[in-house]
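Trainee: Quick one, what's the 3D model for this:
(one chain, ligands or ions: 2)
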Amino acid sequence: MITEKIDRIQVQRVGTLINNAQRIAVISHISPDGDAMGSSHGLMHWLRSIGKTAQVILPNAAPDFLMWLPGVETTILYDKQPDEAAAWLNTADLIICTDFNEPKRIGALGELILSANATKVVIDHHLITDTAPVDYAAVLMSYPDSPSASELVYRLIRRLDGQINLDAAICIYTGMMTDTGNFSFNSNYPEMYEIVGHLVALGVDKDDIYNRVFNAWTADRMKLVGFCLNNKMRLYPDHHTALIYISGKELYKFHFKSGDSEGIVNMPLQIKDVYYSVFMREDKDKIKISMRSQGDRPVNVFCHEVFNGGGHKNASGGEHYGTLPEAVRLFLDNYEKYFIKS
Ligand code: 5GP
Ligand code: MN
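Mentor: Ligands and ions are numbered 1, 2, ... in the order given. The predicted structure follows:
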């Protein structure tokens, strides 16, 4: 039952591609989160366990709270080792992309993937947008209603009659846990807990993983969150909406590091009657926008149409190439149109 979700023909085709390949590159998205790391490294551990030469290549590093995952020390980071990444991709037999489907979202590494001769497979749970062609993938395992790419990796391995070793299990569990907010959303179906049960039976210490991922903040990060909530949050009660935006200068005061603003966007949803939350952060070259919502209130359309982005119904993001005040203006001019009043 656990393994039913993915299509039989796709599983067979991916199985054949893996059997026929020796050098397999596994790629995930920029600023990798728990699911990007978990799905890519989980798959890598399994591929290595069946004798493949498997290599994870990422656009850039994951935040510190994921850098304990087994195998991360062997990852090639494109921003630090572009030549190694290119050499690997040019000699790969197979490239498997997990937790994303648009090569343009990973910049120059995406170009390398598109130009490599290797056959490409995508294992993902993001919506496919009309602006991002996915015809580069020989097999497109796209399941937008799956809570995590890590769960899809689990299902694929099981359907291929694969044995999951402890390192793979730890990675897969981490991705499932982080993409469901420690099983607090997109997590209402029994098979998920059968998978968790199996992973725990394999030796996964879920309490330890929770502590490593969620209780690993720096004091600066905690203070940044306090500042955002106390000084930067605006509420728009008629539309049940909260907005937090923060400039580069303000982030600098808190010695901002990648990952430090993770989760801030979710916090205003803890306020009674707030159903939409928007977070904007000024990065070096752009404004990064994150949106979250509760229930049947999509935020991906707003992200797609106004901020060049997309994502899931309740968790989306986008970018604005301009100033922070402009991005805030775009939000103020549009939220009444995209966010439901009731
Ligand atoms: P986050 O707010 O955590 O950065 O992103 C939440 C979700 O929104 C991601 O899982 C991804 O699906 C989507 N997302 C975030 N940023 C972008 C973007 O710039 N473009 C697209 N297409 N999706 C994004
Ligand atoms: Mn994911």
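
Trainee: Start and end of stretch 109-126, how far apart?
Mentor: Criterion C-alpha to C-alpha, to the nearest Å; first-to-last residue distance in stretch 109-126 is 19 Å.

Trainee: is any part of it close to ligand 1?
Mentor: Yes - for stretch 109-126 and ligand 1, the contact criterion (C-beta under 6 Å from any ligand atom) is met by residue 126. The C-beta positions use only the backbone N, C-alpha and C, and glycine is treated the same way.

Trainee: can you give me the offset of that stretch from its chain's centre?
Mentor: 16 Å (C-alpha atoms, centre = their mean, to the nearest Å).

Trainee: And stretch 326-333, by the same measure?
Mentor: 26 Å.

Trainee: again, but for stretch 171-183
Mentor: 11 Å.

Trainee: Just the CA trace of that stretch, in CSV.
Mentor: Presented in CSV, the C-alpha positions along stretch 171-183 are these (Å, rounded to 0.1, in the frame of the first residue of the first chain):
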residue,chain,number,x,y,z
CYS,A,171,18.0,11.7,5.0
ILE,A,172,14.5,10.6,3.8
TYR,A,173,13.0,11.1,7.3
THR,A,174,14.5,14.6,7.6
GLY,A,175,13.0,15.7,4.3
MET,A,176,9.6,14.3,5.2
MET,A,177,9.7,16.0,8.6
THR,A,178,10.8,19.4,7.4
ASP,A,179,8.4,19.7,4.4
THR,A,180,5.4,18.9,6.7
GLY,A,181,6.5,21.2,9.5
ASN,A,182,7.2,18.1,11.7
PHE,A,183,4.0,16.4,10.5
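
Trainee: Phi first, then psi, for residue 291.
Mentor: phi -130, psi 140 (degrees, to the nearest 10).

Trainee: show me the contacts for it.
Mentor: Going by C-beta atoms under 8 Å, 6 or more residues apart in numbering, residue 291 touches 265, 276-279, 299, 302-303, 311, 315-318.

Trainee: Now with 6 Å, please.
Mentor: 278, 299, 303, 316 (C-beta atoms under 6 Å, 6 or more residues apart in numbering).

Trainee: Just the ones in strands from those residues, please.
Mentor: Using DSSP state E, the subset of these located in strands is 278, 316.

Trainee: tell me the SS of the residue nearest to residue 160 when sequence neighbours are not counted?
Mentor: Leaving aside its chain neighbours, residue 160 sits nearest to residue 15 (4.9 Å; criterion: C-beta to C-beta, 6 or more residues apart in numbering). Look at residue 15: counting by DSSP: H, G, I helix; E, B strand; the rest coil, its state is helix.
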